[in-house]
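Novice: this is a predicted model, with the sequence first.
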Amino acid sequence: MYELRSYASPKSKLTQMIKKGEIIQIVRTVYADSLTDPKLAAASMIYSPCYISFESALAYHQMRAERVFEVKSAAFQLKKEKHFDTPFGRYSFLYTRSSVSLGCGAGNGTRPWFSSGYQGEGIAGYTL
């Protein structure tokens, strides 16, 4: 909106730009110039504070063979899960305790593993 401040009605100009296809509305107050903008970066703009996690992080680092169809993020200040269907795809924000500890290792020396836990309890674990 800062770039549109010179217009008499910035909200009207923004609506016109969306209808003409000049910009893409991801969610309310979050816009992109094109669909080639970074998909993962949009997650922290949709909901903050959060971090890319779960299958999305593994897929980004090419540590997961299956295709990931949504960007999953861990968020600390949620009361329930949130899901957003956008032109970039589906974004999910899952509640995670702020005191979760993360770990990774080489298990038997050949297969890496990733896990997270809370006070010794396993929440999630992946073995490749």
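Specialist: Cool, got the structure. Numbers count the residues shown, from 1 in each chain.
Novice: most centrally placed residue in this structure?
Specialist: Using Cα atoms, centre = their mean, the residue of the chain that lies closest to the mean C-alpha position is Ala43, 3.3 Å off.
Novice: ok, it touching Phe54?
Specialist: No: counting by Cβ atoms under 8 Å, Ala43 does not reach Phe54; the two are 11.7 Å apart. Just so you know, the C-beta spots here come from the backbone N, C-alpha and C atoms, and that holds for glycine as well.
Novice: circling back to that earlier point, contact partners of the one helix or strand the residue nearest to the centre of the chain maps to?
Specialist: In this assignment (DSSP states H and E), Ala43 forms part of helix 41-46. Applying Cβ atoms under 8 Å, 6 or more residues apart in numbering, the contact partners of helix 41-46 are 26-27, 30, 32, 50-52, 71, 73, 84, 86, 88, 91, 93.
Novice: where does pLDDT dip in the chain?
Specialist: 1, 98-128 (pLDDT under 70).
Novice: which parts of the chain are helices?
Specialist: Assigned by DSSP state H, the chain shows helices spanning 10-20, 41-46, 54-60.
Novice: from the contact counts, what lies against the last one?
Specialist: Secondary-structure packing of helix 54-60 (3 or more Cβ pairs under 8 Å, 6 or more residues apart in numbering; DSSP states H and E): strand 70-75.
Novice: for Arg67, give its distance to Thr15.
Specialist: Relative to Thr15, Arg67 is positioned 35 Å away (Cβ to Cβ, to the nearest Å).
Novice: okay, these two: which has more neighbours?
Specialist: Between Arg67 and Thr15, counted using other Cβ atoms under 10 Å, Thr15 has the larger neighbour count: 12 against 7.
Novice: send me the helix holding Ala43 as CSV with only the CA atoms.
Specialist: Output in CSV follows, covering the C-alpha atoms of helix 41-46 (Å, rounded to 0.1, in the frame of the first residue of the first chain):
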residue,chain,number,x,y,z
ALA,A,41,8.7,-17.1,1.8
ALA,A,42,5.0,-16.4,1.6
ALA,A,43,4.3,-18.7,4.6
SER,A,44,5.8,-16.3,7.1
MET,A,45,3.9,-13.4,5.6
ILE,A,46,0.6,-15.3,5.9
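Novice: that's all I had, so thanks and see you.
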